[in-house]
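1. sequence first, predicted model second:
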Amino acid sequence: MNDEKQQQIQTLAIHADRKLNGTRAVTAPIWQTSTYGYASPEEFAAVAGEVNPSEFYTRFGNPTHAQVAAVIARLEGGEAALVTSTGMGAIFAVMMSTLKSGDHVIAQQNHYAGASTVLREWLPRYGIEVTQVDQTNVEEFAAAVRPNTKLIYVETPSNPLMKLTDLREIGRIGQKRKILTVIDGTFATPANQSPLALGIDVVIHSGTKYFGGHNDLMAGVIVGTKQFIEQVWRFSLVGGSILSPFDGWLLLRGLRTLELRVERHNSNALAVGRFLENHPKIERVYYPGLESHPQHELAKKQMRGFTGMLSVELRGGFEAAQNFCKALEIAVYAGSLGGVDTLVVHPAAMWSHELTEEQRLATGISDSLVRISVGLEGEQDLIADFAQSLEKLGD
Ligand SMILES: *Cc1c(COP(=O)(O)O)cnc(C)c1O
């Protein structure tokens with residue numbers, strides 16, 4: 001293969017790991033084993049000293065995982081990657097391997113619910129302070145920096161309000177003040193956004209979502225410098241959030257079509273967003289690809305496409321949102337996102353156990369908000385499904 005650097009993302013997704021496939025099988029087998037046999041104690045001891053060895057003990061590494069990591073590192077334009085058993089496993093491993101008591105973290109007011117819980121409840125228990133700022137205002141990040149700030153943690157677009165963080169500006173703050181910058185880029189994927197090229201240090205994804213893409217696996221990924229990935233690997237090794245080889249293999253299979261799928265997610269979501277925005281029973285649509293999004297200019301600057309995720313506010317409050325979800329025939333009411341099936345959730349109902357009403361309203365999640373993960377069904381069928389459901393709401 002000639003100059004791999006010049007290759008497009010869809011080519012890398014299919015071939016970047018080719019050298020790591022030690023077999024003749026075009027689709028590499030699943031290395032469904034926990035351990036590996038050695039000819040001598042000396043050989044065994046030598047491998048035991050390696051970082052992330054592929055064939056030692058699967059908690060340390062696995063050939064399937066090495067292939068997945070190679071593809072993901074290339075897609076993000078990073079030096080190295082590590083896979084974990086879930087997205088939360090990736091977030092937790094990055095935080096735990098970076099922070100110690102007495103450190104300070106700057107994060108956003110809006111984050112994935114699990115990440116919010118870590119920031120609000122778990123880090124303070126270990127003596128780590130967290131300041132949560134309005135992600136749409138870069139100045140708030142800069143103003144929150146203290147001498148002990150070790151990490152700036154961002155998520156863009158953020159769940160579920162599709163707010164954006166200016167990645168180039170965050171990268172600048174981090175580089176100037178020597179603070180590690182980390183993004184949860186799950187919603188965008190490397191098909192739509194390249195945070196490392198904008199100056200961010202580390203990218204995390206929930207591989208459960210667009211990377212897997214079929215709602216059939218759980219995984220997490222981390223991309224950064226070789227040195228950083230080694231540091232996270234050392235924590236992950238004992239943290240134990242290890243991907244199963246089978247899920248790793250499914251993840252690799254999902255990645256092969258990432259760009260193709262995301263492109264269709266993008267176009268379906270834009271079409272659904274346009275339709276809903278013009279519907280009299282919809283109060284508001286949150287989608288960075290629409291001109292009405294308050295950060296549409298930033299979206300065009302730092303994203304190539306605008307994802308399959310959007311949220312809407314219905315006229316008619318909590319009840320209208322519940323009824324809207326119930327009447328849908330194609331879209332399934334389910335958590336998660338980024339798969340072939342269109343999924344909807346009503347966050348005010350879904351997070352009633354995780355967030356108090358006060359916390360929820362403070363993060364801008366209203367009673368009538370519905371989050372939609374637009375899948376890969378036909379665009380016209382999806383629009384017809386949303387239309388019939390809205391029709392049933394009455395006046
Ligand atoms: C789902 C999700 C996570 C958590 O990933 P899991 O694989 O469920 O652990 C983190 N961040 C975002 C933005 C997510 O959507």
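-> Everything's here; your move.

2. what's whatever residue of the stretch 51-200 of the chain ends up closest to the ligand in contact with, if anything?
-> Using C-beta to the nearest ligand atom, the single residue of the stretch 51-200 of the chain nearest to the ligand is residue 87, 2.3 Å away. Every residue, glycine included, has its C-beta placed from N, CA and C. Going by C-beta atoms under 8 Å, 6 or more residues apart in numbering, residue 87 touches 112, 114, 184, 186, 204-209, 218-220.

3. give me the spatial nearest neighbour of it, chain neighbours excluded.
-> residue 206 (2.6 Å; C-beta to C-beta, 6 or more residues apart in numbering).

4. mind listing what the one you found touches?
-> 86, 87, 88, 90, 112, 184, 186, 219, 220.

5. circling back: top of the contacts of residue 87 by neighbour count?
-> The residue in the contacts of residue 87 with the most neighbours, by other C-beta atoms under 10 Å, is residue 207 (32 neighbours).

6. contacts only, for that one.
-> The contact partners of residue 207, taken as C-beta under 8 Å, 6+ apart, are 83, 87, 217, 218, 219, 220, 221, 251.

7. what does the helix or strand bottoming out on mean pLDDT in the chain rub up against?
-> One helix or strand of the chain scores below all others by mean pLDDT, DSSP states H and E: helix 357-362, with a mean of 83. Contact partners of helix 357-362, identified using C-beta under 8 Å, 6+ apart, comprise 109, 347, 348, 351.

8. what about the first one, neighbour count?
-> Yep, that's residue 109 we're talking about. Residue 109: 17 surrounding residues under other C-beta under 10 Å.

9. what helices or strands is the stretch of helix or strand residue 115 belongs to leaning on?
-> Assigned by DSSP states H and E, residue 115 belongs to helix 113-117. On a contact count with 3 or more C-beta pairs under 8 Å, 6 or more residues apart in numbering; DSSP states H and E, helix 113-117 meets helix 87-98.

10. could you list the buried residues of the helix it packs on?
-> Buried residues in helix 87-98, counting neighbours by 16 or more other C-beta atoms under 10 Å, are found at 87, 88, 89, 90, 91, 92, 93, 94, 95, 96, 97, 98.

11. let's see it as CSV, backbone CA atoms only.
-> C-alpha atoms of helix 87-98 as CSV (Å, rounded to 0.1, in the frame of the first residue of the first chain):
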residue,chain,number,x,y,z
GLY,A,87,-17.4,4.1,27.0
MET,A,88,-17.7,4.8,30.7
GLY,A,89,-14.7,2.4,31.2
ALA,A,90,-12.7,4.7,28.8
ILE,A,91,-13.8,7.9,30.5
PHE,A,92,-13.0,6.5,34.0
ALA,A,93,-9.6,5.1,32.9
VAL,A,94,-8.6,8.4,31.5
MET,A,95,-9.6,10.4,34.6
MET,A,96,-8.2,7.9,37.1
SER,A,97,-4.9,7.6,35.3
THR,A,98,-4.5,11.4,35.0
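
12. quick one: the strands in the stretch 151-300 of the chain?
-> 180-184, 202-206, 220-224, 282-286 (DSSP state E, counting those that start in this stretch).

13. in TSV, list the buried residues of helix 87-98 along with pLDDT and distance to residue 341.
-> Formatted as TSV, the buried residues of helix 87-98 follow (pLDDT from 0 to 100; distance: C-beta to C-beta, whole Å):
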residue	pLDDT	distance to residue 341
87	98	19
88	98	22
89	98	24
90	98	24
91	98	25
92	98	28
93	98	29
94	98	29
95	98	31
96	97	33
97	98	34
98	98	35
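
14. residue in the stretch 151-300 of the chain nearest to the ligand?
-> For the stretch 151-300 of the chain, C-beta to the nearest ligand atom, closest residue to the ligand: residue 206, 3.0 Å.

15. can you count the residues close to residue 227?
-> Applying other C-beta under 10 Å, we find 9 residues neighbouring residue 227.

16. residues contacting residue 132?
-> By C-beta under 8 Å, 6+ apart, residue 132 lies in contact with 107, 108, 109, 119.

17. quick one on the thing from earlier: where does the residue of the stretch 151-300 of the chain closest to the ligand land on pLDDT?
-> Note for residue 206: predicted pLDDT of 98.

18. okay, the residue nearest to residue 318 when sequence neighbours are not counted: pLDDT?
-> Spatial nearest neighbour of residue 318, excluding adjacent residues (C-beta to C-beta, 6+ apart): residue 367 at 4.0 Å. Looking at residue 367, its pLDDT stands at 94.

19. three-state assignment of residue 367?
-> Secondary structure state of residue 367, per DSSP: H, G, I helix; E, B strand; the rest coil, is coil.

20. what is the burial count for the residue lying closest to residue 22 once chain neighbours are set aside?
-> Closest residue in space to residue 22, ignoring its immediate chain neighbours: residue 63 at 7.0 Å, by C-beta to C-beta, 6+ apart. By other C-beta under 10 Å, the residues close to residue 63 number 23.

21. is it true that residue 63 touches residue 20?
-> Yes - Residue 63 is within contact range of residue 20, at 7.0 Å (criterion: C-beta atoms under 8 Å).

22. are any of the contacts of residue 132 buried, and which?
-> 107, 108, 109, 119.

23. okay, who's weakest in these by pLDDT?
-> Minimum pLDDT for the buried ones among the contacts of residue 132 is recorded at residue 109 (94).

24. you'd agree that one is up against residue 165?
-> No - the pair residue 109 / residue 165 is not scored as a contact, 11.1 Å apart, by C-beta under 8 Å.
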